[in-house]
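Peer 1: only the shape, not the letters, is given here:
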């Protein structure tokens, strides 16, 4: 038997998603979500050669793995996989880096087998190797993915913006990479890679890497074969691929947008500030180290707001509002270029280290570019989301360093690592002062480049470089209460917004019948104020009042997807039938969990709403990404013995 991680050894009789009654203390730095025997072998480089088959909905081809041997006596290389069909495993006789092609070299077949399938982790692929004192091995694996691989989504042409060509995209975070590449799928292992992607000649393939055909970046000609190089070592969850009917438009010397032609101009206009955002971040964090920052506008089914892959952020089209009101998503994903891509969480328990810094840096970028008022409004809305989230979670699931053993690592993606993490870093910023804290953040980035960091390592670095250098300001106990304690500590520095005070007054006056909706002084309100206005409505509104809002402001027709969601939540709460057609269209055409999950939750609160939710979901589910479908499954048809999957 192979060495199995704690999650792989699911306790007999324990319910999926439910922690066993007693667990040993967490071993810091142990990845409970990987089978890989990283203490014996380390993959350092990948060479991919894959063909995209949109009709069969599979990738097929070969991956070459350059493996550093750490234990001369080890006889098994253990890789992470999920639903892969492996047809052959060979080893290059010389054991040195070479092309994935089998021509003009000597290859030796190696026995392999799959271990028992785990419902969360997939299967360990075990490759038998003889003991050796060679420093490296080069392993070649021929394989094919499954049409239902959770790390891949195949979007039909009719569901894309242009309706011309099908679209493929990957979502490797947190453990989706193993469903399209056999590898060591843990953020502790960083690899460089090359990739040759074969497609039909009428689509364009892009990756989170350099385009080898034209140096640093776009555009690329469509020719059905695309070659990419990633010279900087990255964790597996940041390997990303997409292929579709894409065009490119530059927005700056280092920035540009890939999108369907039908939305390209709108997207380029919306994200025109990306170059300025880079310059703003560089003043805080030092040079941008990934050459380019391009944005790929995804199909509407993309399950997240964004995914900050190096060089190429994947971004939901719901961010395109026409007024740059939602570009904080871009600021966040850009910040991931430092916090996440450069300095990486060691395990998914440590996810908060990525997202807390990215959220904090996002706020700093928004403040510098759009003003403190905008920053504070967004932070107040984020705090509201956090409080709602905390109210549904047990105490230990409110920790920043969450215990995910025996659970899907997707459960880490709540507002806690993002919003509570941002509050924690803001607390340190205020307590120590901006100059001291900026120096600490810059030092943290410079100290851990291309490294994977645990929560405990962060605490020790914080102790040495901030707490001990400036004693008597923040204690270690206070830090531990933030990271390893529930809720929001009482000494947190909470955001407030004067812009919302006027909204509160206007809402109260209208709801109390003192002023008509059309008389409200709201012409200068921005999207965040409208969301706050709708989200704070009293529970006892009459149907006539809801209709007055609808007729006066037409929220259902807004170009801002988040404003529309706030309106639809209000419509569901008050059973406002005129907006139900828009509601159904919304949840059938958008796959972003943050936007659709609350709507399904609200519908499920009444018998009639639950019937509607299940009917609409039956139509929408085939078009959702697997992670979104899993989240909505838990809401619409929750198993009696498991908890709901978080939105994002």
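Peer 2: In hand now; what should we look at? These numbers come from a predicted model, not from an experiment.
Peer 1: contacts and neighbour counts: CA atoms only from here.
Peer 2: Noted.
Peer 1: name the residues that touch the helix or strand of the chain with the lowest mean pLDDT?
Peer 2: Ranking every helix and strand in the chain by mean pLDDT, DSSP states H and E puts strand 210-211 at the bottom, with a mean of 92. Residues outside strand 210-211 that contact it (Cα atoms under 8 Å, 6 or more residues apart in numbering) are 216-218, 220, 226-230, 311.
Peer 1: reformat those as CSV; add neighbour count, secondary structure and distance to residue 611.
Peer 2: What follows is those, written out as CSV (neighbours: other Cα atoms under 10 Å; DSSP: H, G, I helix; E, B strand; the rest coil; distance: Cα to Cα, whole Å):
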residue, neighbour count, secondary structure, distance to residue 611
216, 15, coil, 52
217, 19, coil, 49
218, 21, coil, 48
220, 16, coil, 48
226, 21, strand, 47
227, 20, strand, 49
228, 23, strand, 48
229, 20, strand, 50
230, 23, strand, 49
311, 24, coil, 44
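Peer 1: closest to residue 620 among the residues you listed?
Peer 2: Residue 620 lies nearest to residue 311 out of these, by Cα to Cα, at 31.8 Å.
Peer 1: which residues touch the closest one?
Peer 2: Contacts of residue 311 by Cα under 8 Å, 6+ apart are 208-210, 290-294.
Peer 1: pull out the buried residues from the residues you listed.
Peer 2: For those, a neighbour count by 16 or more other Cα atoms under 10 Å gives the buried set as 208-210, 290, 292-294.
Peer 1: name the SS class of residue 435, please.
Peer 2: At residue 435 the chain is in helix, as set by DSSP: H, G, I helix; E, B strand; the rest coil.
Peer 1: report the separation between it and residue 491.
Peer 2: 21 Å (Cα to Cα, to the nearest Å).
Peer 1: repeat for residue 86
Peer 2: Counting by Cα to Cα - residue 86 and residue 491 are separated by 54 Å.
Peer 1: cool, and residue 83?
Peer 2: 48 Å.
Peer 1: okay if I get the contacts of residue 311 as a markdown table plus distance to residue 540?
Peer 2: Formatted as a markdown table, the contacts of residue 311 follow (distance: Cα to Cα, whole Å):
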| residue | distance to residue 540 |
| --- | --- |
| 208 | 49 |
| 209 | 53 |
| 210 | 56 |
| 290 | 52 |
| 291 | 54 |
| 292 | 51 |
| 293 | 47 |
| 294 | 46 |
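Peer 1: nearest to residue 373 among those residues?
Peer 2: Distances from residue 373 to the contacts of residue 311, taken by Cα to Cα, are shortest for residue 293, at 26.9 Å.
Peer 1: the closest one pairs with what?
Peer 2: Beta-bridge pairing of residue 293 under DSSP bridges involves residue 255.
Peer 1: thought it was touching residue 309?
Peer 2: No - in this structure, residue 293 is not within contact of residue 309 by Cα atoms under 8 Å, at 9.5 Å.
Peer 1: in its sheet, what does the least confident helix or strand of the chain sit against?
Peer 2: Assessed with DSSP bridges, strand 210-211 is paired to strand 225-235 (antiparallel).
Peer 1: need the next SSE after the strand it pairs with, C-terminal direction.
Peer 2: strand 241-244 (DSSP states H and E).
Peer 1: list the contacts of that following strand.
Peer 2: With Cα under 8 Å, 6+ apart as the test, strand 241-244 has contacts from 165-170, 199, 203-208.
Peer 1: the same query, at a cut-off of 7 Å, please.
Peer 2: Identification of contacts with strand 241-244 by Cα atoms under 7 Å, 6 or more residues apart in numbering yields 165-170, 203-208.
Peer 1: assign a three-state SS to the residue lying closest to residue 282 once chain neighbours are set aside, would you?
Peer 2: For residue 282, ignoring the flanking residues on the chain, the nearest one in space by Cα to Cα, 6 or more residues apart in numbering is residue 288 at 6.2 Å. Assigned with three-state DSSP, residue 288 falls in the coil class.
Peer 1: secondary structure element for the nearest residue to residue 121 once chain neighbours are set aside?
Peer 2: Spatially, and ignoring its direct neighbours in sequence, residue 121 is nearest to residue 33 (6.4 Å; Cα to Cα, 6+ apart). Using DSSP H and E, residue 33 falls within no helix or strand.
Peer 1: would you map the strands across the stretch 451-600 of the chain?
Peer 2: Taking DSSP state E, counting those that start in this stretch, the strands of the stretch 451-600 of the chain run over residues 451-453.
Peer 1: which residue ranges of it form helices?
Peer 2: 455-462, 476-483, 498-511, 527-535, 543-553, 561-573, 580-589, 593-603 (DSSP state H, counting those that start in this stretch).
Peer 1: which ones among the contacts of strand 241-244 are found in strands?
Peer 2: Those of those mapping onto strands are 167-170, 204-207, per DSSP state E.
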